[in-house]
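> the sequence and its predicted three-dimensional model are supplied below.
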Amino acid sequence: MEKRVLVLNLDHSPVAVVTVQKAMVLTFLEKVSCLSFYESYTIRTVSRTFQYPAVIRLNEYKNIPFRGVLLNRNNLFKRDGGECQYCGSRKNLTIDHVIPRSKGGKTNWTNLITACHRCNVVKGDKSPEQSGMILRSKPFKPSLSFFLAEYAERHAEEWLPFLGVKTV
Ligand SMILES: [Zn+2]
């Protein structure tokens, strides 16, 4: 898989993820400084060998509004660690409205959870209080860093120190 490069704002808050090509262009234009490299990767050109950037930082502060992580099935399952939020099952996952739609429950990060098919059926059209089912964690709106850390743990350990995640 092609490596990705984490882009930080001047204040070190994560703002984007770009391809290595884009990161190299930004580096040549002196728009960014490289803070971390992928140690075992290099890029060869005719005359030189470059280290593969892992984390770059904008040289000027940019006001980039963050629109929030896209609410979809995949991202919701990721937020919940791929587990039913009632029983912990990892099979037959569905999406459950904590407060059912019929009772005015919204379709948003704080009212949607991952639930296995069985729990979803058992809970039916009831609120957790009515059904007596207890949520394992309170649903929350994930930050960009949350998803970046999730990605970094699998593909880009070099990002972790810049995401406020402790490395071992
Ligand atoms: Zn379940």
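In hand now; what should we look at?
> how much space between the residue nearest to the spatial centre of the chain and the ion?
Residue closest to the average C-alpha location in the chain (C-alpha atoms, centre = their mean): residue 147, at 1.1 Å. Separation of residue 147 from the ion (C-beta to the ion, to the nearest Å): 24 Å. C-betas here are computed from N, CA, C, even on glycine.
> ok, that residue - contacts?
Residue 147 sits next to 69, 75, 78 when contact means C-beta atoms under 8 Å, 6 or more residues apart in numbering.
> bridging residues for residue 16?
residue 7 (DSSP bridges).
> show me what from this structure comes close to the ion.
The chain has residues 84, 86, 87, 89, 116, 119 near the ion, with proximity defined as C-beta under 5 Å from the ion.
> where are the low-confidence patches of the protein?
1, 66, 165-168 (pLDDT under 70).
> how is it carved up into domains?
The chain breaks down into these domains under automatic domain parsing: 4-66+143-162, 73-131.
> next SSE after the helix or strand harbouring residue 122?
Per DSSP states H and E, residue 122 falls inside helix 117-123. Sequence order places helix 128-131 as the next helix or strand after helix 117-123, per DSSP H and E.
> okay, buried residues for that following helix please.
residue 128 (16 or more other C-beta atoms under 10 Å).
> stretch 7-20 too?
Buried, per 16+ other C-beta under 10 Å, within stretch 7-20: 7, 8, 9, 14, 15, 16, 17, 18, 20.
> helices of this protein, start to end?
20-28, 73-79, 117-123, 128-131, 144-155 (DSSP state H).
> who are the packing partners of the third one?
The contact analysis (3 or more C-beta pairs under 8 Å, 6 or more residues apart in numbering; DSSP states H and E) places helix 117-123 against strand 93-97.
> contacts for the helix holding residue 122, please.
Residues outside helix 117-123 that contact it (C-beta under 8 Å, 6+ apart): 84, 86, 87, 89, 92, 93, 94, 96, 115, 131, 133.
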